[in-house]
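In: Using only what follows, build the 3D model:
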Amino acid sequence: MLPERKESEATGRIARIYDEIRTLWRVPYVSSMQRYLATQGDWLPWAWEILAPVFRSHQPQLRGWRIATEIEVAPLPAISGPVAQVFGLAPEDVATIRDIANGFQRVSPVNLMMGGMLRRVLERSDELGRAAEPLPERSAGAMPAPLPAPPPLPDFDAMAPALRVALDELAIDMADERFVPGLYRAMADWPIYCAHLVTVLRPRFDDPATRAALGTVAARIDAAAGVLAAHLPRVACPFPAHEVRAVLDAIAQYRTTSPQMIVFGRLIARSLPE
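Out: Numbering: from 1, shown residues only. Predicted structure coming up:
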């Protein structure tokens, strides 16, 4: 796993950046992409100084969220209220699970935008600095209300052995390790429902239509990031080449996991009873 600076450990300018990201992303937490950059010396302050003006316009968020909603895949089996009760889900549990799934849908498109723009800055893309028109003024009315804070993420090592084995079916390879993304780990608080999700989601990993949808959402958001990169300055990177390679590798890894969080988060939220 990549190193991270926890929100509880952030001080000074890192804490201020975290606070602004929570506000602009409309979620009550900072995700692992930014927490990773915060461990790499001055990388997060440097990147945020370049990227923040674009995010303050709300354009990356609104465009990323819109693209995410345009991707359609076959739904998961719908869960009725009585079946939810058999899974051990009270109405408040259903609401919490929906908020968790919606949180990943909200964070992941914006992180893909951030990664796509930062990659272009580091690669000194020809797209930089070519905007003919200024960014549209921010429209706070178009932004969604912040989501409530999710419950703490369950500790994978503290789970029952059978549940760990089941969740490992949804693991991906990241940084030379097997990794269960947070969307799936969060469901471990409801073991029977979690086992159901493993059963219905694992075949989607190999389903051609679903895999195509994951590729499409990544490609469309990356293209939108390229359009917005026209508003970014062409700047010299002050960091050594090996650090640049490490950050580009991390961006590529998140580009693999984030489409899953978008598409599968949406499937989970839509399958829940109202």
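In: Tell me where the stretch 51-200 of the chain has strands.
Out: 172-174, 177-179 (DSSP state E, counting those that start in this stretch).
In: can you put the ones you listed in a markdown table and add distance to residue 47?
Out: (Glycine included, C-beta is placed from N, CA and C.) Below are these laid out as a markdown table (distance: least, Cβ to Cβ, whole Å):
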| stretch | distance to residue 47 |
| --- | --- |
| strand 172-174 | 21 |
| strand 177-179 | 23 |
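In: closest one to residue 262 among the ones you listed?
Out: strand 172-174 (14.6 Å; Cβ to Cβ).
In: thought residue 65 was touching residue 111?
Out: No - with contact defined as Cβ atoms under 8 Å, residue 65 does not reach residue 111; the gap is 12.0 Å.
In: Please say which of the two ends up with more neighbours.
Out: Neighbours per residue (other Cβ atoms under 10 Å) separate residue 65 from residue 111, with residue 111 holding more: 26 against 22.
In: what's the spacing between the more buried one and residue 78?
Out: Per Cβ to Cβ, to the nearest Å, residue 111 is found 29 Å from residue 78.
In: just residue 258 next, same as before
Out: Distance from residue 258 to residue 78, by Cβ to Cβ: 26 Å.
In: Please identify which of those two sits among more neighbours.
Out: Neighbour totals were compared for residue 258 and residue 78, and residue 258 leads with 28 against 10 (other Cβ under 10 Å).
In: So residue 118 sits against residue 48, correct?
Out: No - between residue 118 and residue 48 there is no contact under Cβ under 8 Å: 9.8 Å.
In: could you show me where the helices are in the stretch 51-200 of the chain, in order?
Out: Counting by DSSP state H, counting those that start in this stretch, the stretch 51-200 of the chain has helices at residues 59-70, 81-86, 91-122, 161-168, 182-185, 191-206.
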